[in-house]
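In: Next come a sequence and a model predicted from it.
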Amino acid sequence: MNPIDACNNETPPSDNAGYEIARIRKTQASCSLCEDYAARHAAKPVAVMSCEGACLRGEISRQAANILCHELAREQTVRVCLGGAFTKNTGQRSLVRNAGRVIAIEGCPIMCATRSMQGVIDDLKPEVIFTDKSCSFDQSLFGVDEMPEPDIKACAREVAKKVVATL
Ligand code: SF4
């Protein structure tokens, strides 16, 4: 199987296929709650972003990031809103830009969190954690509805604990 197509990430991809150019419509809108959150957490040393995806791997990533930032390592880590940080130069983007360490919890080789943010912050090199290399589950599953919620939570906690051990 071509490792670039694989969701079990036997080999993390290192392709160099050029760039896709996206045009993001600017907005004057802002979210004061989000800006307040970013300001409150700006001094934290580790920014954590995650695939926020709709599949099982994305959901495990999302939950792992939440457990990590809101429970296991609250003092060191801040949970980044990927969509906000990518689409507008807000406090969320600054959290990633200014953090001493950036961790991207990714569900699959698409590495959406990493690649999105590399599109808006030059030279960003996050530490990438692939969820399905960091917890064990049936690798043939794809949908978030294909695994019971308690098992998803257990997997996410396993991933989060592994990241905590590196802090
Ligand atoms: S980017 Fe990958 S891990 Fe994330 S939702 Fe899509 S398929 Fe799943």
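Out: In hand now; what should we look at?

In: From here on, just use CA atoms for contacts and neighbour counts.
Out: Noted.

In: Longest helix in the chain, please.
Out: Ordering each helix of the chain by length in residues (DSSP state H) puts helix 149-164 first.

In: Tell me which other helices or strands that one touches.
Out: For helix 149-164, the packing partners by 3 or more Cα pairs under 8 Å, 6 or more residues apart in numbering; DSSP states H and E come out as helix 56-67, helix 131-134.

In: deepest of those helices, which one?
Out: Of all the helices and strands packed on helix 149-164, helix 56-67 has the most neighbours on average by mean count of other Cα atoms under 10 Å, namely a mean of 26.

In: Quick one: work out the angle between that one and helix 149-164.
Out: Going by axes from the mean of the first three to the mean of the last three Cα atoms, to 10 degrees, helix 56-67 is angled at 60 degrees with respect to helix 149-164.

In: Let me know whether helix 56-67 sits next to the ligand.
Out: Yes - contact between helix 56-67 and the ligand, assessed by Cα under 6 Å from any ligand atom, occurs at R57, G58.

In: What is that helix packed up against?
Out: Secondary elements touching helix 56-67 (3+ Cα pairs under 8 Å, 6+ apart): strand 46-50, strand 101-106, helix 131-134, helix 149-164.

In: Okay, buried residues for the longest one please.
Out: Under the neighbour-count criterion of 16 or more other Cα atoms under 10 Å, helix 149-164 has I152, K153, A154, C155, A156, R157, E158, V159, A160, K161, K162, V163 buried.

In: elements contacting the one helix or strand G83 maps to?
Out: G83 belongs to helix 82-87 when elements are defined using DSSP states H and E. Identification of packing neighbours for helix 82-87 by 3+ Cα pairs under 8 Å, 6+ apart yields helix 91-98, helix 112-118.

In: Thanks again, I'm all set now.
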